[in-house]
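Colleague: Fold the following and give me the result.
(chains A and B)
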Amino acid sequence: GAVVSQHPSRVICKSGTSVKIECRSLDFQATTMFWYRQFPKQSLMLMATSNEGSKATYEQGVEKDKFLINHASLTLSTLTVTSAHPEDSSFYICSARPRGTPTYGYTFGSGTRLTVV
Amino acid sequence: GENVEQHPSTLSVQEGDSAVIKCTYSDSASNYFPWYKQELGKGPQLIIDIRSNVGEKKDQRIAVTLNKTAKHFSLHITETQPEDSAVYFCAASIPQAGTALIFGKGTTLSVSS
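Modeller: Prediction:
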């Protein structure tokens, strides 16, 4: 089945530094990947849609200059949290869908726990 | 855009009882409705899904029903076990390339033995 690998699983960084999170589709190509953020005891909130070879589409209220998304290949999307602050501490999850499949078949990564101190 | 409402937010049942979680959606164009189970510190795991051309789907102890007219769908878990304890999320998506799943707020299910 389709597998999405997300790294790192946990990261602690100092306030003001940047952190990069990788999302890889291991056995399929993904034209589109999705990034979600989940605060404790809350739901998954869509942050942005990452499109291979083009700019990401951000949801309302998500700062595109703070959350940089790069989708340079059909198997890799990265989310960089720039100048991180404690309020950016959250669980970040990526999702991908095999290229060419219809509107179902979303696969999720295992998530990245970001703690900014 | 799509909005998904999920109820209840918490659900406590005794082992062996049934559990039902309900969701409603706003966009009549939505055609895919998955349910995910999430354990603490992990990503969501798909447990069952249903597409708009089907009214009901069952997989062992888990079933999902869909009422397109009323725009609601439900998850049914029978013979619950302690290992069913987790957070469950419903989601919906429209049939357009590049569209993401939109999630409900989640239901924390606790099964006591």
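
Colleague: From here on, just use CA atoms for contacts and neighbour counts.
Modeller: OK.

Colleague: what's near enough to touch whatever residue of chain B ends up closest to chain A?
Modeller: Using C-alpha to the nearest C-alpha, the single residue of chain B nearest to chain A is B:Gly43, 4.2 Å away. Under the criterion of C-alpha atoms under 8 Å, 6 or more residues apart in numbering or on different chains, the contact partners of B:Gly43 comprise A:Ile93, A:Phe108, A:Gly109, A:Ser110, A:Gly111.

Colleague: next one: A:Leu68
Modeller: Per C-alpha under 8 Å, 6+ apart, neighbours of A:Leu68: A:Thr78, A:Leu79, A:Thr80, A:Val81, A:Thr82.

Colleague: Mind checking which of these land in strands?
Modeller: Members of those lying in strands (criterion: DSSP state E): A:Thr78, A:Leu79, A:Thr80, A:Val81.

Colleague: Spatially central residue in chain A, please.
Modeller: In chain A, the C-alpha nearest the mean C-alpha coordinate belongs to A:Trp35, at 3.6 Å (C-alpha atoms, centre = their mean).

Colleague: Surely that one is within a strand?
Modeller: Yes: assessed with DSSP: H, G, I helix; E, B strand; the rest coil, A:Trp35 lies in a strand.

Colleague: Between the contacts of A:Leu68, which sits nearest B:Gln14?
Modeller: Nearest to B:Gln14 among these, counting by C-alpha to C-alpha, is A:Leu79 at 41.8 Å.

Colleague: Buried residues, stretch B:11-26. List them.
Modeller: B:Leu11, B:Val13, B:Glu15, B:Ser18, B:Ala19, B:Ile21, B:Lys22, B:Cys23, B:Thr24, B:Tyr25 (16 or more other C-alpha atoms under 10 Å in any protein chain shown).

Colleague: tell me the two of these that are most distant?
Modeller: Farthest-apart pair in the buried residues of stretch B:11-26 is B:Glu15 and B:Tyr25; separation 30.0 Å (C-alpha to C-alpha).
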